[in-house]
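Student: Sequence plus predicted model, see below.
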Amino acid sequence: MNPFKILSAISSGSFKGHFGQYGEDVIVRKLVKPNRAPGRYLDLGAFHPFRFSNTAYLWMCGWQGVNVDANANSIRLFDRVRRGDRNICAAVVSEAEISDGLTEVNLMLPQVTKTRDGISALGSISSDRAELKELVRAVPVPTLSVNRILADNQGEGIRYINIDIEGYDEKIACDIDLQRFRPEVISVEEYGPNLAALASGTVCTHLQAHGYHLFARAGYTSIYVREE
């Protein structure tokens, strides 16, 4: 589809597609109603400006926000595409870990190498037997806490927070200072054997105690809404 037609469909509210992996962004946009007034978001583990993005639709509606990812390649892509957003290359860890002196972590990335015939290979290297072996490199990445990111970026005005940081989701969701920062919607990637387990789990229990309820579940993402 022509990109101008996509923008026109979004601005008119008739766009029926989604960017999120499981359509999470469809639920989010029904909750925050992005076409009514521009807002702001925080996307932790942003990954890509459009692919599997729960904030792409909001950005195309005129919203702006903060995108955080530990992969510098992802952030460079956001810098090129998401004009108006602030894009940060950092690993999000807990306040306690930063207090304990964790200022940097290693991100393991596949290394681009060349085979003997000169053909580039991602994450592989050619041996004497012409076999491909995986090769990774450790890239140091600075750490930040979610509350530092929010404090430095007018977090009191952020209406939506998305958390998808590969195993740290629960810890970071429970680390947000919800006395100070009160987004309308929080989406968290979390795993459990069934919905009952998630409803009694750490994230849901913590957010409920701070005035949020589990509104929906899409794929592996739980969507929490602030109670008015």
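Tutor: Happy to help now that I have it.
Student: any idea which element Val66 lies in?
Tutor: Under the criterion of DSSP states H and E, Val66 resides in strand 64-69.
Student: partners of that strand, with directions?
Tutor: For strand 64-69, the pairing partners within the sheet under DSSP bridges are strand 40-44 (parallel), strand 86-89 (parallel).
Student: What lies in contact with the first one?
Tutor: I take that to be strand 40-44. Residues lying outside strand 40-44 but in contact with it, judged by CB atoms under 8 Å, 6 or more residues apart in numbering, are 53-55, 58, 63-68, 92, 146, 149-150, 153-155, 157-165, 172, 183. Every residue, glycine included, has its C-beta placed from N, CA and C.
Student: Swap in 6 Å and give it another go.
Tutor: Surrounding strand 40-44, the residues in contact under the criterion CB atoms under 6 Å, 6 or more residues apart in numbering are 55, 58, 64-68, 92, 157-158, 160-163, 165.
Student: what's the farthest-apart pair in those residues?
Tutor: Gly157 and Ile165 (22.3 Å; CB to CB).
Student: Show me which of the two is the more surrounded one.
Tutor: With neighbours defined as other CB atoms under 10 Å, Gly157 and Ile165 compare such that Ile165 has more, 23 against 11.
Student: Verify the contact between Val81 and His48 for me.
Tutor: No: taking CB atoms under 6 Å as the contact criterion, Val81 and His48 are not neighbours in contact, 9.1 Å apart.
Student: From the contacts of strand 40-44, keep the buried residues only.
Tutor: In terms of neighbour count (16 or more other CB atoms under 10 Å), the buried residues within these are 55, 58, 64-68, 92, 158, 160-163, 165.
Student: Quick check: the gap between Arg82 and Asp69.
Tutor: Separation of Arg82 from Asp69 (CB to CB, to the nearest Å) stands at 12 Å.
Student: Which of the two has more residues huddled nearby?
Tutor: Taking Arg82 and Asp69 together and counting by other CB under 10 Å, Asp69 has the greater number of neighbours (26 against 22).
Student: what are the pairing partners of the longest strand anywhere in the chain, and which direction each?
Tutor: Once the chain is assigned using DSSP state E, the strand that runs over the most residues is strand 136-144. According to DSSP bridges, strand 136-144 forms sheet pairs with strand 91-92 (parallel), strand 104-110 (antiparallel).
Student: Pick out the shakiest of these, pLDDT-wise.
Tutor: Summarising mean pLDDT across the strands paired with strand 136-144, the least confident stretch is strand 104-110, with a mean of 88.
Student: For that one, list every residue counted as buried.
Tutor: Buried positions in strand 104-110, judged by neighbour count with 16+ other CB under 10 Å: Val105, Leu107.
Student: number of nearby residues for Gln21?
Tutor: Counted by other CB under 10 Å, the residues lying close to Gln21 total 18.
Student: Assign it to helix, strand or coil.
Tutor: Using DSSP: H, G, I helix; E, B strand; the rest coil, the three-state assignment for Gln21 comes out as coil.
Student: Appreciated, that's everything.
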